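*Asks:* Next input, structure requested:
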Amino acid sequence: MGMRIVIAKPGLDGHDRGAKVIARALRDAGHEVIYTGLRRTPTEIVRTVLDEDAVGLGLSTLSGAHDVLIPKICKLLRSEGMNDVIIFAGGIIPEYDREELFSQGLRAIFGPGTQTKEIINFLEEVSLRKVNGEPIGVGEELGWHWQ
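*Replies:* Now for the predicted structure:
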């Protein structure tokens, strides 16, 4: 059974080809995908996740603002009580920024060249962990993240 996932482009980055490729691949794999379009604010993204009752949020970031935008989105989700939303990101995120993002609630990072099958495998793992009652959402206390 597929998940309901929002794919979003936070910030001023105007490149969305990768986000569209991921959205299509996830749809083809049986997920319901809502794509927000370009240049969304953290507040707009969180509102979409809430309005769409999504269980997953994929963020595409190429602008270099990931270290500000992703933690802000994580914090907003928690403040809205959406602790169980699973967040993953794609784009250019340097290794030295990753641990901090994981500590904020991000569960996976997929860099350039990632095969769509790896993202689908991540979502399958997430589904299994949810079925087993493991805490994996943005506001849940668990250090697990996809390697």
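
*Asks:* Helices of the chain, residue ranges please.
*Replies:* 17-28, 42-52, 66-79, 95-104, 116-131 (DSSP state H).

*Asks:* mind checking which of those is nearest W144?
*Replies:* For the helices of the chain, proximity to W144 was assessed by Cβ to Cβ; helix 116-131 is nearest, at 7.6 Å. For the C-beta atoms, the positions are set from N, CA and C on the backbone; glycine is no exception.

*Asks:* now that closest one and helix 17-28, what's the angle there?
*Replies:* Angle of helix 116-131 versus helix 17-28, following axes from the mean of the first three to the mean of the last three Cα atoms, to 10 degrees, is 60 degrees.

*Asks:* Can you give me every residue that contacts M82?
*Replies:* 46, 49-50, 137-139 (Cβ atoms under 8 Å, 6 or more residues apart in numbering).

*Asks:* deepest of the helices of the chain, which one?
*Replies:* Burial of the helices of the chain is given as mean neighbour count (mean count of other Cβ atoms under 10 Å); helix 66-79 ranks first at a mean of 19.

*Asks:* Extract the CA atoms of that helix and return them as CSV.
*Replies:* This file holds the C-alpha atoms of helix 66-79, laid out as CSV (Å, rounded to 0.1, in the frame of the first residue of the first chain):
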residue,chain,number,x,y,z
HIS,A,66,19.3,23.4,3.5
ASP,A,67,20.9,24.1,6.9
VAL,A,68,18.3,26.8,7.6
LEU,A,69,15.2,25.6,5.7
ILE,A,70,15.1,21.9,6.7
PRO,A,71,15.5,22.5,10.5
LYS,A,72,12.8,25.2,10.3
ILE,A,73,10.4,22.8,8.5
CYS,A,74,11.1,20.1,11.1
LYS,A,75,10.4,22.6,13.9
LEU,A,76,7.2,23.8,12.3
LEU,A,77,6.0,20.2,11.8
ARG,A,78,6.6,19.4,15.5
SER,A,79,4.9,22.6,16.6
